[in-house]
Each structure stands twice: as structure tokens, then as C-alpha cells.
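Q: Next come a sequence and a model predicted from it.
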Amino acid sequence: MKKRIVALACAMTMATALLAGCGNSSKETKAETAAESTAETTGESKAESTGDKKYAVILKTQATDFWTKMWKGVEDKAEEMGIQVDIYSAQSEEDFEGQVAILEKCINDGYDGIAIAPLSASNLVSTAAKAYKEGITVVNIDEKFDMEEMEKQGGAVVGFVTTDNVAVGNKGAGYIVENVEEGSKVAIIEGKAGNASGEDRAKGAKEAFEAAGLEVVGSVPGDWDRQKALDAATSFIQQNPDLKGIYCCNDTMALGALQAVINENKLGEIFVVGTDGDTEAVDSVNAGQLSATVAQDPAGIGAKGLELLVEAVKAGNIGEVGVVPDMTPVDSVLVTKE
């Protein structure tokens with residue numbers, strides 16, 4: 001069976017509202033967004049196992065290793081299942097309007113099922129509820145929707161696939177706990193305020209630190225940004241010269257915090273642990289600089305999300321308003337040099 005893989009990049013403004021996709025393809029995918037977005041179609045030329053059903057996956061961005069791995073996981077699962085899926089992402093983690101426009105376009109294009117990793121708990125709730133009302137099956141991946149607001153908007157999802165982020169934070173902080181003395185000072189660099197996955201990781205880390213009798217001198221947002229994390233870590237170190245550990249809610253921020261440790265000549269004195277298992281972070285761990293990272297399985301999250309979506313569409317399941325599906329967890333692994 002002949003495979004077809006089409007990669008399309010589309011960009012437009014909200015003023016023009018529509019721009020044709022680029023690239024040479026017999027199938028054109030379009031995205032409506034305030035900034036540049038990306039769409040890809042992959043799979044068999046005929047989705048033999050699912051008839052002519054149309055599937056889309058909307059990710060947060062393609063700006064980090066985590067999201068490119070999730071994209072690849074969706075591609076590989078689609079090929080394994082013999083189906084066709086269109087994959088989209090916003091331009092950045094601040095492109096809220098762009099992600100809304102992508103979902104609106106998917107609804108208008110008549111997809112039977114859409115798996116969504118929203119940029120925040122709230123930015124896509126009303127639009128996802130609209131999809132539900134149109135009879136479209138929705139699976140939530142990575143960042144959890146505000147399900148109370150989803151119910152108020154009259155929407156529902158059939159599944160939620162993510163890493164257990166409280167456990168991730170607990171695991172990362174646990175590595176620091178094992179390597180410092182009781183009563184040591186530690187700090188947490190969170191993600192973006194209001195982002196559920198980052199908040200859960202910070203919660204798990206704080207619980208682990210406090211349960212072990214460590215002193216949490218501060219917990220501040222780093223907005224998933226390396227420079228902001230560097231600045232936050234520098235402030236923590238200068239205000240607490242005896243600081244022993246920093247847990248960061250993603251690897252980009254951990255690498256910023258690590259640079260602060262190096263700048264302050266504290267390498268080997270302060271443990272810095274990140275989250276995600278990004279390639280650069282793992283290389284840093286192996287080089288003996290970053291202390292550890294908690295590796296998520298983004299490819300596994302994407303693959304499982306697509307699998308649940310296809311199963312639900314085949315069963316005619318669009319969920320029920322007010323019913324919150326159980327989380328389908330994907331395991332994480334602590335990566336250290338040892």
C-alpha cells in the first residue's frame with residue numbers, strides 16, 4: 001500500500017483569515033491563525049481500518065524537543081494504524097489566538113475527531129465545547145482543560161492522556177532530597193502561571209521537599225523561558241548563598257538555572273534538576289553538569305492520544321457533559337549520569 005506523507009506550513013493573519021497551504025501535494029491542508037502554524041498529514045493513502053473518518057491533532061508548538069517528539073509519536077502511530085491524520089501546532093506557547101483559529105478551522109473542515117493539547121487550561125474551552133456540540137469527538141492531551149468551565153460551556157471530552165505531573169515533580173525533587181542534608185535550602189522554578197502541568201509539577205516538588213524536611217526558600221514562575229529561569233536562579237543563589245538545590249518544571253528552564261549556577265561558581269554545590277528529558281538536557285546530564293532530568297514520553301503521549309481518539313470515533317463516543325474522564329497516565333523516568 002502506497003504511503004503518502006505531506007508536510008505543509010501555513011501562515012496568515014486574522015485580518016486575512018485564510019491563506020492557502022504551501023508545498024506540492026494532492027491534498028491541501030489549511031490553518032487559520034494569528035501567527036504561523038504548522039500542519040502535517042501522514043498515513044496510508046486509504047484509512048482502511050477507520051473508513052473515511054477524518055482525524056486531527058492540535059499540539060502546543062514545535063519550538064521544543066518535547067513537542068517535536070510528540071509530533072513524531074503521532075505520525076508513527078498513524079502509520080501503524082493505517083490511518084490519515086492532520087497535525088497542527090501554534091507558532092509559540094503564547095499564540096493563544098492562533099491555536100483557537102486552528103481549532104475553529106478543524107471544526108469547519110468537518111473532522112470526526114480532534115486530539116488537543118491546549119496552550120492553557122482555558123484558552124480552547126469554549127471552542128472545544130463548540131466541537132462537542134457539532135458532534136466531534138475530542139481527546140485532551142498533555143495540558144488538562146478546565147473541566148468545570150467545559151461543563152458550563154456545554155462541552156465534553158472522551159479521554160485525557162498525559163504524564164502524572166505531580167509524580168514528575170515529586171520524582172525530580174526526590175533526587176535532590178536524596179543528595180542533600182535535612183534542613184537544606186532548595187528552590188523551585190515553575191512554568192507559566194495558570195498552566196496546569198507546571199503547577200502540578202511544582203506541587204509535587206514542594207510536597208517532596210517539605211516531607212523531607214527541606215526549606216523551600218522560593219517558588220517562582222519562569223514562564224518556560226531559559227533567560228527568565230537564569231535570572232530567577234541567580235536571585236535565589238545570591239539571596240541564599242547556602243542554597244543546595246533547584247527543581248525546574250522543564251528542561252529549558254533547568255538549563256538556564258544551570259547557567260546561573262555556573263556563573264556563580266557553584267557547579268557541584270547546587271543540584272539542578274529539570275523535566276522532560278530533552279536531548280540538550282540529557283547531554284548536559286551525561287556531561288556531569290545538569291544533575292538530572294525527569295524524562296517524559298511525549299511520543300507515547302501523542303500515540304496514546306491518537307489511539308484513544310480513533311477508538312472513540314469508531315464507537316461513536318463523543319463523551320457526556322459533566323463527566324470527567326479518568327486520566328490515562330504515561331510513565332516518566334529519572335535520567336541521571338549514574
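A: Here it is on my side, so go on.
Q: Pull up the gap between A63 and C248, please.
A: Separation of A63 from C248 (C-beta to C-beta, to the nearest Å): 17 Å. Backbone N, C-alpha and C define where each C-beta goes, glycine included.
Q: show me what contacts the residue lying closest to E93 once chain neighbours are set aside?
A: Leaving aside its sequence neighbours, E93 sits nearest to T61 (C-beta to C-beta, 6 or more residues apart in numbering; 5.5 Å). Residues counted as contacts of T61 (C-beta atoms under 8 Å, 6 or more residues apart in numbering) are 67, 89-93, 95.
Q: Which members of these occur in helices, if any?
A: Among the contacts of T61, the ones falling in helices (DSSP state H) are W67.
Q: how about the helices in the protein?
A: In the chain, the helices defined using DSSP H lie at 65-81, 96-108, 125-133, 147-152, 165-179, 196-211, 226-239, 251-263, 279-286, 298-315.
Q: Point out the most buried one among the ones you listed.
A: A comparison of these by mean neighbour count, using mean count of other C-beta atoms under 10 Å, puts helix 251-263 on top with a mean of 25.
Q: Using PDB, list the CA coordinates for that one.
A: The C-alpha trace of helix 251-263 is given here as PDB (Å, rounded to 0.1, in the frame of the first residue of the first chain):
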ATOM      1  CA  ASP A 251      14.500  21.400  30.800                       C
ATOM      2  CA  THR A 252      14.700  24.700  29.100                       C
ATOM      3  CA  MET A 253      14.500  26.500  32.500                       C
ATOM      4  CA  ALA A 254      16.800  23.900  34.100                       C
ATOM      5  CA  LEU A 255      19.500  24.800  31.600                       C
ATOM      6  CA  GLY A 256      19.000  28.500  32.400                       C
ATOM      7  CA  ALA A 257      19.200  27.700  36.100                       C
ATOM      8  CA  LEU A 258      22.400  25.600  35.500                       C
ATOM      9  CA  GLN A 259      24.000  28.600  33.700                       C
ATOM     10  CA  ALA A 260      23.300  30.700  36.800                       C
ATOM     11  CA  VAL A 261      24.900  28.100  39.000                       C
ATOM     12  CA  ILE A 262      28.000  28.100  36.700                       C
ATOM     13  CA  ASN A 263      28.100  31.900  36.600                       C
END
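Q: quick check: angle from that helix to helix 279-286?
A: 40 degrees (axes from the mean of the first three to the mean of the last three C-alpha atoms, to 10 degrees).
Q: Output the contacting helices and strands for helix 251-263.
A: Judged by 3 or more C-beta pairs under 8 Å, 6 or more residues apart in numbering; DSSP states H and E, helix 251-263 is in contact with strand 185-190, helix 226-239, strand 243-248, strand 271-276, helix 279-286.
Q: Report the angle between that helix and helix 65-81.
A: Using the same axes, to 10 degrees: helix 251-263 against helix 65-81 is 150 degrees.
Q: mind checking which helix or strand of the protein has the lowest mean pLDDT?
A: Ranked by mean pLDDT, DSSP states H and E, the weakest helix or strand in the chain is strand 3-10, scoring a mean of 31.
Q: Can you give me the domain assignment for this protein?
A: Using automatic domain parsing, the domain parsing of the chain gives 3-157+298-329, 165-295.
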